[in-house]
Structure formats: structure tokens, C-alpha cells
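In: What follows is a predicted structure for the sequence shown.
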Amino acid sequence: MLTKGQNNMTTQEKEVAIYVRVNDPSKVQTAKRAAIYARSATVSQKVTGMASIDQQVAEGCQHCAERGYVLEEGYIYQEIIGGKRERNRSYLPQLDALRRAAKKHEFDILVIRSIDRLALETLFRAVILAELEKAGITIECTNGEDLDDEGTKMIEAIMEQGAQMERQNISKRTQHGKAVKKTQREQL
């Protein structure tokens, strides 16, 4: 049963309609408002086996549609950024906008591909998670991660440490390469 003139809506509009069906058609329940955050380190991330921005957004939209969540266009936050620049909050304008919207209670559910899309560093991620929890925002991952599961928390912590080691190794190799190149130029 559709309500409030939904018979004239397109399929996409029905998927994000304000009302959803419930078991008792005489009772209409207000749908939860969702936001999606998609982040990629590079434009070509999909080449490296990670999900591109478009894939993350598509997964998020499907997740919302399957659950009857309201997803308005202005609540799809996307950015391509990572590494050292991510540690400087001024380089994360979409995440900052999402955090402001969460504080104003503009949405109820945040849909992300995986928890590491919020932030690479554990401490920064913990700050964001605490802000979202304080605002009453539920986080759902399209990859099936259960954020309340202790095993997931432990695996995430281990993965973060591995990722941090890799970032340090990349930085060391880059610095070494620059030093070698400088030495080669000086020898000429």
C-alpha cells in the first residue's frame, strides 16, 4: 500500500519516499533518514581492488532502498582524499559537512562501505564515532561489518596498525628516493 500520492511516483522516488509500509496498513511509520559517506584515496582506487567512489555510493543507495530509508541527494557525501592530507581536517570538507549535519540531527543513519572509510587513523575515527553516537546516529556498513561486535573491533584495530605501518614505510621509501635523486643531481 502506497501513501500520500505515491502512485504517481517513479520507482526511484518510491525507494526514497517519506513513508514506508508496515505490517498494519492502517499505521504508517516515518522512514529513517539516511546519509552516505564515500571516500577514496585516489580516483583510480578501483584499479587497486578497492571500491571506487561510484561503487561505494551505489552500494549505499541500494542499502538504503532495501531498508526503506529516505536518502536525499544532499546527503551523499563523497571525497577523494587520503594519506597525509587526510590528517589535516581542512582537507576533508565533505566529512566536516557530514559531521555538522549529524550534530543538527539532519539524518538518523550513516551508511558507509566499511568503518575505515570514516578515517584511517584510530584516534580520529574514534572522535567521529563518538560525535555520531552523541547525535544518536546509527552507522551501517554495506560490507556487513557489525560495529558492535568485539571481534570486528579487534580486527579493525589490527588492520589500522598494519595500515599505519604501511604509511610509514611508504613515507620512508619516498624520502629515501628523494635523497637518492638529490645525490644524483649533485653528482652531475
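Out: Yes, it's here. The structure displayed is predicted, hence computed values, not measured ones.

In: Low-confidence regions, the chain specifically.
Out: Counting by pLDDT under 70, the chain shows low-confidence ranges at 1-29, 43-50, 82-90, 147-160, 162-163.

In: again, only using 90
Out: Low-confidence segments of the chain, defined by pLDDT under 90: 1-31, 39-54, 72-73, 79-92, 114-127, 129-130, 143-188.

In: and the top strand by length along the chain, what does it pack onto?
Out: As assigned by DSSP state E, the longest strand anywhere in the chain is strand 70-80. Contacts defined by 3 or more C-beta pairs under 8 Å, 6 or more residues apart in numbering; DSSP states H and E place strand 70-80 against strand 33-40, helix 53-67, helix 93-103. The C-beta positions use only the backbone N, C-alpha and C, and glycine is treated the same way.

In: now it and helix 53-67, what's the angle there?
Out: 160 degrees (axes from the mean of the first three to the mean of the last three C-alpha atoms, to 10 degrees).

In: domains of this protein?
Out: According to automatic domain parsing, the chain comprises the domains 32-147, 149-188.

In: Run through the strands of the chain in chain order.
Out: With DSSP E as the definition, the chain shows strands at residue ranges 19-20, 29-30, 33-40, 70-80, 109-112, 138-141.

In: Rebuild those strands as a markdown table, extending it with distance to residue 183 and mean neighbour count.
Out: Putting the strands of the chain into a markdown table (distance: least, C-beta to C-beta, whole Å; neighbours: other C-beta atoms under 10 Å) gives the following:
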| stretch | distance to residue 183 | mean neighbour count |
| --- | --- | --- |
| strand 19-20 | 65 | 16 |
| strand 29-30 | 66 | 11 |
| strand 33-40 | 35 | 24 |
| strand 70-80 | 34 | 17 |
| strand 109-112 | 44 | 24 |
| strand 138-141 | 47 | 18 |
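
In: Distance to residue 182 for these - can I get that in JSON lines?
Out: Output for the strands of the chain, formatted as JSON lines (distance: least, C-beta to C-beta, whole Å):
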{"stretch": "strand 19-20", "distance to residue 182": "62"}
{"stretch": "strand 29-30", "distance to residue 182": "62"}
{"stretch": "strand 33-40", "distance to residue 182": "32"}
{"stretch": "strand 70-80", "distance to residue 182": "30"}
{"stretch": "strand 109-112", "distance to residue 182": "41"}
{"stretch": "strand 138-141", "distance to residue 182": "44"}
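
In: Cheers, nothing more for now.
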